[in-house]
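Trainee: Give me coordinates for this.
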Amino acid sequence: MRTTCEILKESKTIAVIGISNKPDRDSGRIALFLKSKGYTVYGVHPILTEFEGIKIYKKLADIPEEIDIVDVFLNSNSIDKIIPDVLEKNPKVLWLQLGIQNDEAVKPAVEKGIEVIQNHCIAIEYNLCR
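Mentor: Numbering: from 1, shown residues only. Predicted structure coming up:
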């Protein structure tokens with residue numbers, strides 16, 4: 001298993017599930033942070049279509065590019081709902097943000113060989129790697 005620093009160094013594309021355009025939400029701020037660090041960032045949200053130059057899709061499967069990291073900003077109890085889409089898209093990494101963990105829900109992703117990181121902030125980890 002790769003370290004988080006190796007994952008972040010080797011990754012190029014990130015899909016942010018639960019991206020928000022509300023200024024009090026971390027998801028939008030972190031998506032913009034990742035974009036500023038050179039990643040290609042896409043959002044996944046049922047209503048939004050764009051946020052500060054980031055293209056947003058209704059479903060993960062709609063993104064027309066391979067995804068290295070799926071970064072999730074959803075309640076821990078909602079993780080099971082996104083797993084079928086994650087399995088279909090088959091990213092290298094499923095990353096559940098700080099405060100989000102659901103060991104049972106992520107089992108199918110682990111079994112498919114998708115690396116899973118839970119309860120860690122991708123921006124904090126990025127800064128720790130530099």
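
Trainee: For Met1, give me the pLDDT.
Mentor: On the pLDDT scale, Met1 is placed at 74.

Trainee: just checking, it touches Glu115?
Mentor: Yes - between Met1 and Glu115 there is a contact at 6.4 Å, judged by CB atoms under 8 Å. C-betas here are computed from N, CA, C, even on glycine.

Trainee: Quickly find the element holding the residue most central in space within the chain.
Mentor: Nearest residue to the geometric centre of the chain (CA atoms, centre = their mean): Asp71, 1.1 Å. Take DSSP states H and E as the rule and Asp71 turns out to sit in strand 69-72.

Trainee: can you check Leu94 too?
Mentor: strand 93-96.

Trainee: Send me that strand as PDB with only the CA atoms.
Mentor: The C-alpha trace of strand 93-96 is given here as PDB (Å, rounded to 0.1, in the frame of the first residue of the first chain):
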ATOM      1  CA  VAL A  93      -8.100   5.800  -4.500                       C
ATOM      2  CA  LEU A  94     -11.300   6.400  -2.500                       C
ATOM      3  CA  TRP A  95     -10.500   9.200   0.000                       C
ATOM      4  CA  LEU A  96     -13.000   9.900   2.700                       C
END
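
Trainee: what's the following helix or strand after it?
Mentor: Next helix or strand after strand 93-96 toward the C-terminus (DSSP H and E): helix 103-112.

Trainee: any idea how far Ser20 is from Leu98?
Mentor: To Ser20, Leu98 is 16 Å away according to CB to CB, to the nearest Å.

Trainee: So between these two, which is more surrounded?
Mentor: Ser20 (18 against 15; other CB atoms under 10 Å).

Trainee: who's in contact with the more buried one?
Mentor: By CB atoms under 8 Å, 6 or more residues apart in numbering, Ser20 lies in contact with Ser27, Gly28, His45, Leu48, Phe51, Phe73.

Trainee: give me that answer again for 7 Å
Mentor: Neighbour list for Ser20: Ser27, Gly28 [criterion: CB atoms under 7 Å, 6 or more residues apart in numbering].
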